[in-house]
Structures are given as C-alpha cells and as structure tokens.
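3D model of this:
(2 chains)
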Amino acid sequence: MRFLQSWIATPLAQALGWTLLHSLWEGAIISALLGMALWATRSARARYASACVAMLVMLGGIGFTFVRLMPERVHGLSGVRVTAPPPWTTALDIGADGPSGSHLALLVPWLAPFWIAGVWIFALGQVGGWIWVSRLRWRGVCCAPEHWQKEIERLSAWLRVSRPVEILESCLAEVPLVVGHIRPVILMPIGLLAGLPPGQIEAILLHELAHIRRHDYLVNVLPRAAECLLFYHPAAWWISRVIRAERENCCDDVAVAASGSAREYAVALAALEQSRRPDWQAAVASTGGSLVKRIRRLLYPKGTNGVWTPLFAALIVITTAVVTFAAWPAKPPQQPPAATQRQKSRVETSSYDNWANQEVTYIITDQERAAFKKLTTDKEREKFIEQFWGRRNPKPGELVNVFKNEYYRRIAYANQHFAGNRPGWRTDRGYVYIVYGPPDQISETQYGVAPGPHVPYGIQVWSYRHVDGVGDNLSVQFMDTTGKGDYEFPLGKPGLKPVLKQTGDVGDGVSQAPDASRPRKDDERLTPRAKNRAETSPYEKWLDEEVVYIVNASEREAYQKLATDEEREMFIEQFWERRNPNPGSAENEFKEEFYRRIAYANEHWATGRPGWKSDRGHMYILFGPPDEIDAHLYGPPYPYEEWRYKHAGELGDNVILTFIDPDRDGTFRIAPGPPVLKNSMAP
Amino acid sequence: MFSYMRTEPPRPTNAELEILTVLWSIGPATVREVYNVVSRRRPAQYSTTLKFMQIMAEKGLVLRNEKQRAHVYEAARPREWTQRQLAGDLLERAFSGSAKALLVGALSARKATKAELAELRKLLDEYGKGEK
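Prediction:
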C-alpha cells in the first residue's frame, strides 16, 4: 500500500492518469469522425480501412498525449523527490488554482493502477485465448478427403493466395476457421464437407481463402491489442466491432465476386449456419443478428445505411463530452512559460500588485517596494520593472538578462518540483531554491513510516559550497512532517528567513539570516502555524514528546528557563550538536538514528497510543535494536518477549529485557523487577 | 461383448482424439483405413495405429466389430458428446470465451437464434421470388 501511495506521486502515474482522462474525449472525437466516414462510404474495403485507421489514430493519440504529459527528465537535483502535478497546476499565478483543481489532480493518478490491473487481466485473457486457438490446429484434426485438398489448391491459385494452404477436418471447430498466418490452415467441422452441396462448400472456402489473402489472422492483432489497452473505452470496443463486421463484408465481397452469384453464396452461408449443431450452452441473447445483416447487404447491395451507426457515435460523443466537461473546468488552460507569465497575469488582473507581491517578492528590497507602490500609472510601473531588472543585470545594457532568465527558470523549477498544498514557489524549498539557486548537494533521509505527530517522514539537507554575499559551506534543513513530500523548515521558524547555518561553526549556535533586509510579504503560512502553537507549542512538544527519553535533568531545566523561540531554537541545535558523533558535520548520525528509532517504534508498537510511548518503544529508542529477540507469542503463561542486548548503554552488558502481555492485547509491558543480567551470552 | 459400456469412456488423449476424428469423419473403418488417413497428415506406423486402436477399444472409446476378418472399428460416442467432455478442460473453460474474438472465419462464434434463422429463410425466399 505504501509502495502504491508513493508510486501514485510519481510523474509517471500522474501522466498516465491524465492520459486516460484525455483519451475519453479523444476517443469520442475519433469515433464521431469514423461515424461520419461510415455514413458517407458504402464500400466495405473503405469502411474497413477507415475503421483500422481510426483505431491506429486512437492508439497513437494516447501515446502522444502520454509523451506530452510526461515531465522532462530532472537534471541536477537527482535527490529531490519529484511530485509534479500536470503543468497547468504549477503555474506561478495561483489565482485560478481552485480547490476542485487540486482535488481532481489528487484523484487522477489513481486511475493509473486500476488501468494497469485491467490491462493485465485483458492481456491474460487474450494470451490464453491465443493458446487455445493455436491448439485447435493440432488437436482433434484429420486430413480432409483428397479431392478437397486439390480443390483448395485450385481456389488458392484462382484467388492468388501466395502461401500454401492446408485444409483439415477438426472435431473441435464448430464453424469453418482460419488458424495461423505463415502456414495457414482452414479447419472445417467434421461432417460439413460431406454434409453440404459442393457448390456451397466452395463458396465458403472462398470466404476463408479471402481471409488468408487479406492477412486477417495477423491484422486481427490490432483490434485485440486495442481492446486490451483501451478496455475502459466504449469507442475502442465499437471500432473493434466495426473492423470485424467490415472484415467479414470484405471477404463476402471477394467470395461473391469469385463465385459469381450473390444468391448462391447467401444460401451457402444460411445453410452453414443451419448446419451448426444446436448449442448445449444457454443461448446468448440476440444482439443484432450480424449474419442477417450480412446477407441482406449481399442480396440488396444498395440498401439503406443502418441508422444506428451514426446515432451510436453521437451517443458516445455526448456521454464522453459530458464526462470530460465535468473534469475540464477544474483545469485552467496551460499557462505560458514563467518568463511570459508576468504579462499574462497583468492583463488578467490589470494590476501590478502581483508583480511586487508574488513574482519578485523574494528579491525586491523595501525601498524598491515602497517606491513601486507610490507609482500611479502603468507606464511608470512598466519603466520601473524594466529598471528593476536592469539593476540586476550582470551585464548592464545587454538585451539578454541572465539574472532575470535564471530567476524565472528557478520559479518554474520550484513550481514543477516542490508543489504540494501550495504552489512550488511558495514552499520553503521553493523559497530557498529561488533565492539561492540549486544546492551543490542534497542528502535525504526517508523514514517512510507513519510516525508520531512531530517526527518527520524525511529530512532533506541542502548544502551550498558558496553563496554570494552569505558565506561558504552553508546548509539548510527541511523536514517532511506530513508524508506528502511537503518539506518545510524544521519546526519553530514560522515566518523567519531560512537560516543557512554555517557548517563550520554550528556548535556555538551562530546562525545567519541571509539578506535580512529582504522583506517577506506573503505570510499566510504564519496563520496555521500560529494556531498550532496556541494549542501546544512545538517547543514544548519537542521537550516532552520528542527527546523526552534522552534529555537530561539539567538540560531540561535550562531549556524551560528560555524565554524566546530563538533561544530555544539555538538550544535545540546545540542539544543535537553535543550528541553529534562527528561534531561540525552537517549530518548528525545520532539525530538521524534517533528519529529512525522513533519512527520504527511508532510503526511497530502503536496500540491506541503512539508506539514511542510503549515500553518496547521506550527501550528501543534508548538502546536501539536488540541483538536477539525471543518472541513467545503464546506464552505460557501469557505472551512475552525477551530482548537480548550485548550492550545496553547504562544498563550494562549482556542484558535481557522481558516484556509481558498479561492482558493479551498487544500492549507489552516491561516485566517488573530489574533487567536480568546474564553473565555469559553465546557470541 | 459390450460389458465395458457400463462405465463412460475416459477423456481421450490427443493421439486418441486424432483417431476418433478420423472415425467420425469417414465412419466405421478398419485399422488400415484409419492409418491411411492419419499417415497422410504426419508420418505414422501402421503397428502404432493398430496398438492405439486396441487400447482405445479396451478403454471403451471405440467399438470393435469382430464379425469380419478385418475388424471394423467405430467411435463409441458421437462427436458432440466428446466435445462436451473436452469442454471440461481447464484451458477450454477459461479461455474459449476470449478466444472467440481471435477466431477468423465465415461465421461468428455466436450461433444464430431460431428467429434469426427464420428471418434468413424469409430473406432468401423473397429474393428468390424477386429474381423469378
């Protein structure tokens, strides 16, 4: 299940889901066109060809849609988990991004696994059916009388069939059949050759030979594969049915042309149908009587066109149009690339507020912002924007502004890769990416389990070797607390600028806020966090829930005396750094292992209350995984587990911890009394 | 003589089915006649065919008439009966449905109903009158 959930988030699933949705209206249009073509043409060959083309176009269109929807390969940031929704939801302008849009975007990728399962089921049926058909060629067959073999040779030469054709009598075939492509075989049910007048047999053999000459056995793969891939699509089934019907009509035409009499051929078909043994299976309800239609077409070649074909096509168009229409308004039309975004949003809002408050909010200075606000006419604003970029142009005067281009590229990148509940550029990672550019290195730790409220699913550390105007060897940490890939700054920095801590001197708690003059306007993010804090401060939770087992008394006392969040933040950093096995390094193995243990405990021992609160969770967090576990699921007297440690921290060496479950409800408690110390343990 | 008919014959093997098919096709026949048909399709030995048919007679798949010097064999059950028996095959049960779409032939896998057959006859009769 977890695998499925993470797979759903991949661009592949997203693209697949949208492709399936788009195929609905694509198929509707194609079948409407085919319906018109069928309405206009009478020749069976033309109708057959147009149905085949329609099928190919439908398959090709789906392939094309899929390729178009697949995002381009990620380069540079290989460590970033890509959670890109389709491009139209990642535009900078979030005005059109209504709730229904994100809702649909969440649901659509789920189509993909169902589709894959369906394709497998249908493909399995097809392969099994193919094996069954190939078996017909070998099982229960005997040679037809010699004069019929000669007759086949004569008819093949007449119809100019290039391959040698064998004729066999089969006890399994119920109707005359063609099996095989390279060495085709005509299977006649036993008794048919002797039971019908030779003229009628000949007419039927001509029909079968026409199948062979037209390579129908091979071409049949196309509609079968399409039915497999598009099993959910009524248009695919309909086109497939048209192909089959027209295929028979084509062969009928060949047989009639060769034998010369439509009536004789029609009589032969009718006699053949009548000679079939009565079905021992329950009779299938009649669905149109294809043979009656075929014979009517043969006897009255200029008969009126069936009115149902175009009507059916129109029905498909209407139903699928309704379905797509229901889905469509949720998706605003694809936005232009970020660089032209500005013009578009300006036209829509006829205001420059968005420019200052959204587009360049991360890089505009206070003075600039104030000056911009004072402007009254659009012309002035236009000029201001030009100067704004001109000041930042590394090569002033040149037309191509490298800075501007890179800035919008970063926005586009952030939107494509970091989007979650918020558009990518508004996320914390998006902020850091846009302001500081791609990091030199990303290290990621995924715990991948359902943890407690304040244990992250994953941690990402971005490292920069150098940032102009800030310093060298910087790193910044993001935590994914929701499990949805919404990496944010670690708790307790609401509204703060991202602190790039200098990896060299973390110990003394010096952290720098780069470019402190930069204002940060859109602080909606403050609100939800501020609310959370009103309930239980994340700092209290940190002390009482996260590190409760490892914080010592003096640390606790010192922490509780702290007054401001900044002091606490600094304290937490120092707290971990004191425990860092490699002081000074950005990665803290101790911290990572600690959070892994919490996550593990929560995953394995949650019973009504979080796993880390259980006795086993407590011991696991303190001492890590035991060297050996003896689980006695049925006791006696009641379920118990023995954990053996060679080294168990303060408890000493060669320790056995016993957990008992006297209530038999899975809440193992540590057995009363001191832990058993074992003198010697087998190595 | 027909004591073994009390129990139903077992499901024929592929080789036995081939011989049965010949018997259904050409009617009661001697081993030599069956061998002649089989050997046209694939290389076969007369003695093998003879052995097979003797075994089949023991199993009750064929009936042997010993009145003449050359024994005449006959399929014990009609083709339809054996087909029904074979339809119990797992592959058959699972896939003959989806296989019908793969078949290429003059008639669809679905049998015409009685009403359709009547309509066909009417259609042909009317056409015949019109011609004359």
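
When you work out contacts or count neighbours from here on, use the C-alpha atoms and nothing else.
OK.

Which secondary structure elements does the helix ranked longest in chain B sit against?
Assignment by DSSP state H gives helix B:114-131 as the longest helix of chain B. For helix B:114-131, the elements it packs on are helix A:262-275, helix A:290-299, judged by 3 or more Cα pairs under 8 Å, 6 or more residues apart in numbering or on different chains; DSSP states H and E.

rank those by mean pLDDT and give me the bottom one.
The weakest mean pLDDT among those belongs to helix A:290-299, with a mean of 81.

Next, see if that helix gets close to chain B.
Yes - using Cα under 8 Å from any Cα of the partner chain, helix A:290-299 reaches chain B at A:291-292, A:295-296, A:299.

Stretch A:185-192 now?
Yes - Stretch A:185-192 reaches chain B (Cα under 8 Å from any Cα) through A:190-191.

hey, where'd the strands end up in chain B?
In chain B, the strands defined using DSSP state E lie at B:29-30, B:62-65, B:72-75, B:104-105.

Kindly reformat those strands as a markdown table and extend each row with distance to A:P626 and mean pLDDT.
A markdown table is the format used below for these (distance: least, Cα to Cα, whole Å; pLDDT from 0 to 100):
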| stretch | distance to A:P626 | mean pLDDT |
| --- | --- | --- |
| strand B:29-30 | 81 | 91 |
| strand B:62-65 | 73 | 89 |
| strand B:72-75 | 74 | 91 |
| strand B:104-105 | 66 | 72 |
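
Report pLDDT for the closest residue to chain A within chain B.
Nearest residue of chain B to chain A (Cα to the nearest Cα) works out as B:A99 at 3.9 Å. For B:A99, the pLDDT comes out at 70.

since we're on it, how many residues are nearby?
When neighbours are counted by other Cα atoms under 10 Å in any protein chain shown, B:A99 registers 21.

Quick check: closest non-adjacent residue to the residue of the stretch 101-250 of chain A found nearest chain B.
Shortest the stretch 101-250 of chain A-to-chain B distance, computed as Cα to the nearest Cα: residue-wise this is A:G129, at 3.9 Å. Distances taken as Cα to Cα, 6 or more residues apart in numbering or on different chains place B:A99 nearest to A:G129, at 3.9 Å, with adjacent residues excluded.

quick one, what contacts that neighbour?
In this structure, B:A99 makes contact with A:126, A:128-130, A:132-133, judged by Cα atoms under 8 Å, 6 or more residues apart in numbering or on different chains.

quick one on the thing from earlier: how about the strands of chain B in TSV, adding mean neighbour count and distance to A:H147?
Output for the strands of chain B, formatted as TSV (neighbours: other Cα atoms under 10 Å in any protein chain shown; distance: least, Cα to Cα, whole Å):
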stretch	mean neighbour count	distance to A:H147
strand B:29-30	20	19
strand B:62-65	21	28
strand B:72-75	21	24
strand B:104-105	26	22
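
With distance to A:F66 as added columns, please give these in TSV.
Formatted as TSV, the strands of chain B follow (distance: least, Cα to Cα, whole Å):
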stretch	distance to A:F66
strand B:29-30	63
strand B:62-65	60
strand B:72-75	58
strand B:104-105	33
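
Can you say which of those is nearest to A:Y217?
strand B:104-105 (6.3 Å; Cα to Cα).

Which elements pack onto that closest one?
Using 3+ Cα pairs under 8 Å, 6+ apart: strand B:104-105 touches strand A:177-179, helix A:198-213.

and it, how far out from the chain's middle?
20 Å (Cα atoms, centre = their mean, to the nearest Å).

Stretch B:116-130 now?
32 Å.

in it, what's buried?
Neighbour counts over stretch B:116-130 (16 or more other Cα atoms under 10 Å in any protein chain shown) mark B:116-117, B:120-121, B:123-124 as buried.

that older thread, from the contacts of B:A99, which ones fall inside helices?
Taking DSSP H as the definition of helices, those contribute A:126, A:128-130, A:132-133.

Nearest residue to the middle of chain B?
Central residue of chain B (Cα atoms, centre = their mean): B:R79, 3.9 Å from the mean position.

That one against B:W24, yeah?
Yes - B:R79 lies in contact with B:W24 (Cα atoms under 8 Å); the separation is 6.8 Å.

By mean pLDDT, which helix or strand of chain B comes out lowest?
Ranked by mean pLDDT, DSSP states H and E, the weakest helix or strand in chain B is helix B:90-99, scoring a mean of 68.

May I see the residues of helix A:290-299 next to chain B arranged in JSON lines, with distance to A:A51 and neighbour count as well?
Below are the residues of helix A:290-299 next to chain B laid out as JSON lines (distance: Cα to Cα, whole Å; neighbours: other Cα atoms under 10 Å in any protein chain shown):
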{"residue": "A:L291", "distance to A:A51": "20", "neighbour count": "23"}
{"residue": "A:V292", "distance to A:A51": "22", "neighbour count": "20"}
{"residue": "A:I295", "distance to A:A51": "21", "neighbour count": "23"}
{"residue": "A:R296", "distance to A:A51": "21", "neighbour count": "18"}
{"residue": "A:L299", "distance to A:A51": "24", "neighbour count": "18"}
